[in-house]
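[1] here is a sequence together with a model predicted from it:
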Amino acid sequence: MSVSDDGLLSSLRYLFADFLDEEDHTPPFLPDGLPEGADAIVSEGIHVLMDYQGASYARLYVERLNRFVGRQDVDAVAFGKIARLMASRMAYEDAIRIAQLKLAEYRDSGIASTEVNKFRFDELVDALPAVAADPVLMVLDKLGWTRRRVSIPFSTTSAWGIRRLKIEAWLRRWRMFSIRYAEERAWVERWLHMINRALVKQPQAVNALIETATMVQGFGDPYRQGLADWHAIIDGLAKPTFDGVLPLTDLAGAIAEARAAAVPDPRQAALKRAIAEIRARAQAAGADAAAG
């Protein structure tokens with residue numbers, strides 16, 4: 001069974017346990033053998049994910065981290081970055097999370113306020129289980145409303161606003177059945193897989209691969225753009241290098257160059273041009289080396 005298959009089975013196991021509430025609510029233990037200084041980072045990640053989704057989700061985080069515990073090729077700095085960035089991505093922003101944070105803010109400060117966020121229709125529907133989301137997305141697509149934006153207030157200034165936030169926060173029970181969760185699960189597993197491949201194929205690029213997680217943040221158009229740019233860099237540079245079909249000796253530098261070219265552009269014109277230029281240089285250098 002492959003690493004990706006193991007990751008899928010783990011995600012499914014924790015998904016159903018969380019939904020059926022079969023587990024207790026005890027936080028998972030810290031993994032044994034953590035690198036020096038990682039305890040605080042992992043503890044914070046567990047705390048965030050307990051609040052975000054529950055104990056089973058925090059256990060999935062720990063299980064994913066265990067893949068790197070005790071590895072001689074993963075130093076304390078790299079491990080800490082993986083732990084921090086993975087917790088951040090697993091606690092991805094959606095309407096449910098914003099409601100959770102708004103309620104927490106009100107409980108902690110007692111200050112009522114309103115926050116208005118713009119979501120695309122398809123982004124809101126993606127928070128639903130696929131069986132419910134697919135027909136809605138079909139209708140939205142026919143109407144041409146898939147990318148239409150809607151402003152949603154998250155308010156603690158009235159009893160109704162607080163009640164609505166509580167209802168939205170309660171929907172976290174359905175989150176792991178959603179289209180968005182399936183996409184996020186696949187992304188995290190691919191990110192971890194690329195880190196693993198870098199450790200084996202090009203260790204000097206490991207840090208650059210880890211840091212690419214910062215490209216995927218937030219919600220709405222910035223999230224979609226960052227995700228598309230990340231896949232373009234992985235598909236155009238990292239994967240072919242690891243597969244041995246692109247003779248790129250400095251993957252870390254290539255990733256930095258491509259990221260510098262990425263701008264908010266749905267067409268990705270500048271990014272695609274930069275990736276093409278990097279690939280052309282690598283292939284020319286590889287041909288020269290072979291000829292020499």
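    Happy to help now that I have it.
[2] where do the helices of the stretch 101-250 of the chain begin and end?
    Secondary structure of the stretch 101-250 of the chain (DSSP state H, counting those that start in this stretch): helices at 121-125, 130-143, 159-170, 172-175, 179-201, 206-211, 220-233, 239-243.
[3] list of residues touching the first one?
    Translated: helix 121-125. If you take C-beta atoms under 8 Å, 6 or more residues apart in numbering as the criterion, helix 121-125 is touched by 94-95, 133, 136-137, 140, 145-150, 152, 179-180, 219-220. For the C-beta atoms, the positions are set from N, CA and C on the backbone; glycine is no exception.
[4] and if you look at the second one?
    Contacts made with helix 130-143 from outside it, assessed by C-beta under 8 Å, 6+ apart, are listed as Phe121, Asp122, Val125, Asp126, Leu128, Thr146, Phe177, Ser178, Ile179, Ala182.
[5] and the two most separated of these?
    Thr146 and Phe177 (21.0 Å; C-beta to C-beta).
[6] the two: which is more packed in?
    Phe177 (19 against 16; other C-beta atoms under 10 Å).
[7] nearest spatial neighbour of that one, chain-adjacent residues omitted?
    Pro129 (4.1 Å; C-beta to C-beta, 6 or more residues apart in numbering).
[8] got a list of what the one you found touches?
    The neighbours of Pro129, taking C-beta under 8 Å, 6+ apart as the test, are Trp174, Phe177, Ser178, Ile179.
[9] still on that earlier bit, buried subset of the contacts of helix 130-143, written for PyMOL?
    Remark: buried members of the contacts of helix 130-143, expressed as a PyMOL selection using 16 or more other C-beta atoms under 10 Å:
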select buried, resi 121+122+125+126+128+146+177+178+179+182
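[10] sorry, back to before: pick the one among the contacts of Pro129 closest to Leu103.
    Top of the list for closeness to Leu103, among these and by C-beta to C-beta, is Trp174 at 17.5 Å.
[11] for the closest residue to that closest one other than its chain neighbours, give the beta-bridge partners.
    Closest residue in space to Trp174, ignoring its immediate chain neighbours: Pro129 at 6.2 Å, by C-beta to C-beta, 6+ apart. Beta-bridge partners of Pro129, counted by DSSP bridges, are Ser178.
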